[in-house]
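Trainee: Fold the following and give me the result.
(one chain, ligands or ions: 1)
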Amino acid sequence: MIHNAVVLRSRPGKNGHPVPENFRVEEIMKSPELKEGQVLVRTLFLSVDPYMRCRMNDDTGADYLLPWRLEECVDGGGVGVVEASKNQALSVGTSVTSFNWPWQTYDVMDGSLLQKVDPEMVDGHLSYVLGAVGMPGLTAVLGVREKGHVTPGSHQTMVISGAAGACGSIAGQIGRLDGCERVVGICGSDQKCQALVTELGFTAGINYKKGDISSALKEHCPTGIDIYFDNVGGPISDAVISQMNPGGHVILCGQISQYNKDVPYPPPLSEDTQKALCHKNITRERFVVLNYMEKHEEGLVQLSCWVKTGQIKVLETVVKGIENMGEAFCSMMTGGNIGKQVVKISD
Ligand code: NDP
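Mentor: Numbering: from 1, shown residues only. Take a look at the predicted model:
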């Protein structure tokens, strides 16, 4: 049986931008014969995520992330369907997912490494398993609830950077649902700003590539900023933190503006920002979704409910074809996506 696989051809280097040519598609031959406990799966959707940038380095800088190996098939979040089975728990036709799905059109996998997906949970949209009702959605809900200190009725303003992406677009909607008075998103285009306001119910969108962020923040956050869901770091975060109210909370979710640089995580802050945090007694605790495994099931049920009732709107950017995995990853890293970037591998 011949199928396609994506291998890592080269590393961008710690100080370098990833390019699609870092990846290569290969045809591989595999016996479809199954051993006891195994299943043959057909891949439906694959995810591309910012953490994968660390996996492109030979040292990821995080003990919970293994580097991808050169000339080997890469892996990440995926969802697919069982096509043949020698596993009693997984019959043919079952939808399954894994965080370590190989970037392949088909694979033979050990059934014990897969989780079953109930299509009902995702309102029939299996790609949501990789986004709104999956790891990015959990990051949003647990980030807001564990570190955000949203208090209904207290007229809080929440700002989200990377607001039109997978985590940011959900985090802002949760801020609104949980009772923030104003939810302001920062992102990289006017089209994204418009989607935040008209489709997702944000109070305002700020395009950081146009005009002065500080004056736009003053205009849209007239009573200061109480909660900051930080996906990007760097100068955008400096501008936000400088306008935060005393006792505010930064949810340190990610720092994507620094991922192509050889700096530790979290990257060092400027002296002014460090002082602002200290003088105004603002919390800024690192948040890692994998540290809350015991809350994932409940979080997914909540996200599923919000999505099915329309309280949360889901935006996705879908690219087709395994040959476009590298392109899709690099596009997501430079803002080509609105909502969750996924790649559709088969129907
Ligand atoms: P997104 O869907 O948000 O995609 C990445 C986005 O980052 C792009 O669309 C782009 O949007 C923006 N971006 C890229 N470069 C820059 C830059 N230099 N300055 C500002 N914005 C930039 O990805 P995710 O939602 O999957 O991830 C968002 C963040 O959350 C990342 O930092 C990621 O590492 C983090 N994360 C953290 C987790 C945790 O457990 N802590 C779990 C999952 C994700 P634009 O057009 O607006 O520039």
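Trainee: For the rest of this, base every contact and every neighbour count on C-alpha atoms.
Mentor: Will do.
Trainee: Now the spatially most central residue of the chain: closest residue in space, sequence neighbours ignored.
Mentor: Taking Cα atoms, centre = their mean, the centroid of the chain lies closest to P136, which sits 4.2 Å from it. The shortest distance from P136 to any non-neighbouring residue, by Cα to Cα, 6 or more residues apart in numbering, is to C167 (4.9 Å).
Trainee: near the ligand, anything from the helix or strand the one you found falls within?
Mentor: According to DSSP states H and E, C167 maps onto helix 166-178. Yes - counting by Cα under 6 Å from any ligand atom, the ligand is contacted by helix 166-178 at A166, C167, G168.
Trainee: Switch the residues you listed over to JSON lines; also include pLDDT.
Mentor: Formatted as JSON lines, those follow (pLDDT from 0 to 100):
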{"residue": "A166", "pLDDT": "98"}
{"residue": "C167", "pLDDT": "98"}
{"residue": "G168", "pLDDT": "98"}
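Trainee: can you list the domains in the chain?
Mentor: As given by the TED database, the domain ranges for the chain are 2-131+315-344, 135-290.
Trainee: okay, how far is it across the shortest one, tip to tip?
Mentor: End-to-end distance for domain 135-290: 9 Å, by Cα to Cα, to the nearest Å.
Trainee: List only those of the residues of helix 166-178 next to the ligand flagged as buried.
Mentor: Buried positions within the residues of helix 166-178 next to the ligand, assessed by neighbour count (16 or more other Cα atoms under 10 Å), are A166, C167, G168.
Trainee: just the residues you listed now: which is nearest K35?
Mentor: Within those, distances to K35 taken as Cα to Cα reach their minimum at A166, with 37.2 Å.
Trainee: what's near enough to touch the residue nearest to the closest one when sequence neighbours are not counted?
Mentor: On the basis of Cα to Cα, 6+ apart, the spatially nearest residue to A166 that is not a chain neighbour turns out to be K340, at 4.2 Å. Under the criterion of Cα atoms under 8 Å, 6 or more residues apart in numbering, the neighbours of K340 are G131, A132, G165, A166, C167, L315, E316, T317.
Trainee: Most neighbours of all the residues you listed, which one?
Mentor: A132 (31 neighbours; other Cα atoms under 10 Å).
Trainee: residues in the stretch 201-347 of the chain within reach of the ligand, list them.
Mentor: Contact residues, the stretch 201-347 of the chain versus the ligand (Cα under 6 Å from any ligand atom): 231-232, 253-257, 287-289, 332-337, 339-340.
Trainee: Quick one: buried ones out of those residues?
Mentor: For those, a burial check counting by 16+ other Cα under 10 Å picks out 231-232, 253-257, 287, 289, 332-333, 335-337, 339-340.
Trainee: quick one on the thing from earlier: ok, and the residue nearest to the centre of the chain, which helix or strand is that part of?
Mentor: Using DSSP H and E, P136 sits within helix 135-147.
Trainee: Helices of the stretch 151-300 of the chain, start to end?
Mentor: Along the stretch 151-300 of the chain, the segments classed as helices by DSSP state H, counting those that start in this stretch run 166-178, 190-198, 213-220, 234-241, 271-279, 296-308.
Trainee: and those helices, which is most packed in?
Mentor: Mean neighbour count (mean count of other Cα atoms under 10 Å) peaks for helix 166-178 among these, with a mean of 25.
Trainee: And that helix, what does it pack against?
Mentor: When contacts are defined as 3 or more Cα pairs under 8 Å, 6 or more residues apart in numbering; DSSP states H and E, helix 166-178 sits against helix 135-147, strand 157-161, strand 182-187, strand 340-344.
Trainee: that older thread, go through the buried ones among the residues of the stretch 201-347 of the chain next to the ligand and flag which are in strands.
Mentor: Secondary structure defined by DSSP state E assigns K340 of these to strands.
Trainee: low-scoring stretches of this structure, by residue?
Mentor: Counting by pLDDT under 70, not a single residue of the chain qualifies.
Trainee: Next, give phi and psi for the closest residue to N4 other than its chain neighbours.
Mentor: Here the nearest residue to N4 in space, its sequence neighbours aside, is E27; by Cα to Cα, 6+ apart that works out to 4.6 Å. Taking degrees, to the nearest 10, you get phi -90, psi 130 for the backbone angles of E27.
Trainee: likewise C330?
Mentor: The phi and psi values for C330, taken as degrees, to the nearest 10, are phi -70, psi -40.
Trainee: ok, it touching V19?
Mentor: Yes - here C330 lies in contact with V19, judged by Cα atoms under 8 Å, at a distance of 6.1 Å.
Trainee: of the two, who's got more company?
Mentor: Regarding C330 and V19, a neighbour count based on other Cα under 10 Å identifies C330 as having more, with 20 against 15.
Trainee: Next up, the contacts around that one.
Mentor: With contact set as Cα under 8 Å, 6+ apart, C330 has these partners: P18, V19, P20.
Trainee: Please apply the same query to E181.
Mentor: In this structure, E181 makes contact with S154, H155, Q156, T157, judged by Cα under 8 Å, 6+ apart.
Trainee: and the nearest residue to L34 once chain neighbours are set aside, what does it touch?
Mentor: Here the nearest residue to L34 in space, its sequence neighbours aside, is K86; by Cα to Cα, 6+ apart that works out to 6.5 Å. Taking Cα under 8 Å, 6+ apart as the definition of contact, the neighbours of K86 are L34, K35, E36, G37, Q38, V39.
Trainee: Helix or strand: which one has the third one?
Mentor: With elements delineated by DSSP H and E, E36 resides in a region that no helix or strand encompasses.
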